[in-house]
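A.B. asks: Got a predicted structure here, sequence first:
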Amino acid sequence: MAAARFLRAAVLSLGVMAAAPRGLADGGAPAPTLARSSNIVLGVESGLEAGRVIAGMVGPLGGRVVRSSESDAVVEVPSGRYADFVAELRRIGQLENEKLATADVSTQLADALAAVGAAKAARQRRERLGGVARDVNEKLTVERVLEHSASRIVQAEARVRELQARGELVVVQIQFRTEGKESIQPATLPIPWLDELGHGRLANPPEHSASRSIELRAFTDFALALKVDYVYDAEPLDGVHGATSLAFDMRVLGEANPVGLFGGMDVVLGGSRGFVYGLQFLGGAGVPLGRRFAFGVSSGPGIDGITSVVPFGVLFPVELWLTWDLASFMSVSAWGQNAWVLGSDDRQSGSKRALFGDELSVGIAVVPADRDSWSEYTQRRNGWLFGAGYRELMGTAMFELRVGWTGIDADFGGG
């Protein structure tokens, strides 16, 4: 009895498995289907940035990004929007190469549809065999065969959907090509210091190193300003409370490494109750500290006065001058002077706060103007100047305001 049951189950299984090939023609012939793919080389500045832009523009076209990296990207775009996609690519980079390939997948789609039809027909026949199973073993055998049939149907339908999608989409593989920077290897000479001289230095510039220190070496600072002076206690100046003048100031630091020559000149012409005049020459030494700060100490002969108010005097000041490139949009300069005055007894010991000498003056100026970088080694700043000052002479105090135009050129070198 057991042998008969085993023989019946074996015959049933063989009959079910043998029924699969009949039904290949049930799916029908599909319409011709064409699958397109494209390979594009796109010149861009940054592959990561280009990938982000492409991800943002492919969605509105009805496509999707399959993957993206710094070197390439793969996207799927509807066939009808491929031309629009290529036009958008031209806006974000240089389209260096485009290869569009077309493959006929009609036969593959027909085979997939036929496989779906055959799998469904086989499942129907196996379901009918399940109705004639006589015992539990036969029913279990039929159920296993039905599960296998269901799996084949799912796989066949997935293949159909894949081929149909290939006919509706263009698979685009984009290779990003970025421009590399040429590296110039410096030439060397047998004697190292010769590298610093002449045409060889210009013809074979050293390779730039990110760790190289760039420091201030020289600058020129000049200003032309309208100056207004006010005297609170005017009695020592015969009741004169103010003066208006035009002032030209210049300070220069030359090739400091680390110390350089520092100097300048001041010219003042104007009027009050009398004629305002001043001419000062300065020379000394200056030291830059890093890229943005420098100071100089100088002295030299000069003359100034106000006719009928401040007697003529020959000045020998000692000046401390500071400059600070505070930010890309602002620089600040400040100065202080103690001066000896010769040729006028009335101007002797005219300042109570002077550390030495006869007169004291201090001031500060702010230049709220943008810094322009002409190169790695040259920067300029031109703009309005606003300043204030304080001077003690002849036993009284003079307050100063000035507005003008200034120009600052700064040169840098490797540290």
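C.D. replies: Yep, it's here.
A.B. asks: Give me the domain ranges for the protein.
C.D. replies: With automatic domain parsing serving as the domain definition, the record reports that the chain contains domains spanning 9-177, 215-414.
A.B. asks: Tell me who's in contact with the closest residue to residue 226 other than its chain neighbours.
C.D. replies: Here the nearest residue to residue 226 in space, its sequence neighbours aside, is residue 403; by C-beta to C-beta, 6 or more residues apart in numbering that works out to 5.6 Å. The C-beta positions use only the backbone N, C-alpha and C, and glycine is treated the same way. Under the criterion of C-beta atoms under 8 Å, 6 or more residues apart in numbering, the contact list for residue 403 reads 225, 226, 384, 385, 386, 387.
A.B. asks: Sticking with the fifth one, tell me its helix or strand.
C.D. replies: Read that as residue 386. Secondary structure assignment for residue 386, by DSSP states H and E: strand 378-393.
A.B. asks: Give the pairing partners of that strand; include direction for each.
C.D. replies: Partner strands for strand 378-393, per DSSP bridges, with pairing direction: strand 359-367 (antiparallel), strand 371-375 (antiparallel), strand 396-414 (antiparallel).
A.B. asks: if we can go back for a sec, what's across from the residue nearest to residue 226 in the sheet?
C.D. replies: Beta-bridge partners recorded for residue 403 (DSSP bridges): residue 226, residue 386.
A.B. asks: For the stretch 201-350 of the chain, which residues score under the pLDDT cut-off?
C.D. replies: Within the stretch 201-350 of the chain, the segments meeting pLDDT under 70 span 201-213.
A.B. asks: Look up which helix or strand residue 119 falls in, please.
C.D. replies: Residue 119 is part of helix 106-130, with elements assigned from DSSP H and E.
A.B. asks: So which residues of the stretch 101-250 of the chain form strands?
C.D. replies: Using DSSP state E, counting those that start in this stretch, the strands assigned to the stretch 101-250 of the chain run over residues 169-178, 214-231, 242-254.
A.B. asks: and the last one, which strands flank it?
C.D. replies: Looking back up the chat, that one is strand 242-254. Partners of strand 242-254 in the sheet, by DSSP bridges, are strand 214-231 (antiparallel), strand 260-271 (antiparallel).
A.B. asks: So for residue 353, which of the strands paired with strand 378-393 sits nearest?
C.D. replies: Residue 353 sits nearest to strand 359-367 of all those, at 5.5 Å, using C-beta to C-beta.
A.B. asks: Figure out the helix or strand that residue 50 lives in.
C.D. replies: Residue 50 is part of helix 47-58, with elements assigned from DSSP H and E.
A.B. asks: Next, the buried residues of that helix.
C.D. replies: Of the residues in helix 47-58, those buried under the neighbour-count criterion (16 or more other C-beta atoms under 10 Å) are 47, 50, 51, 53, 54, 57, 58.
A.B. asks: Please report the distance of the second one from residue 172.
C.D. replies: Applying C-beta to C-beta, to the nearest Å, one obtains 13 Å for the distance of residue 50 from residue 172.
A.B. asks: now, of the domains of the chain, which is deepest in the fold?
C.D. replies: Among those, domain 215-414 has the highest mean neighbour count (mean count of other C-beta atoms under 10 Å), at a mean of 17.
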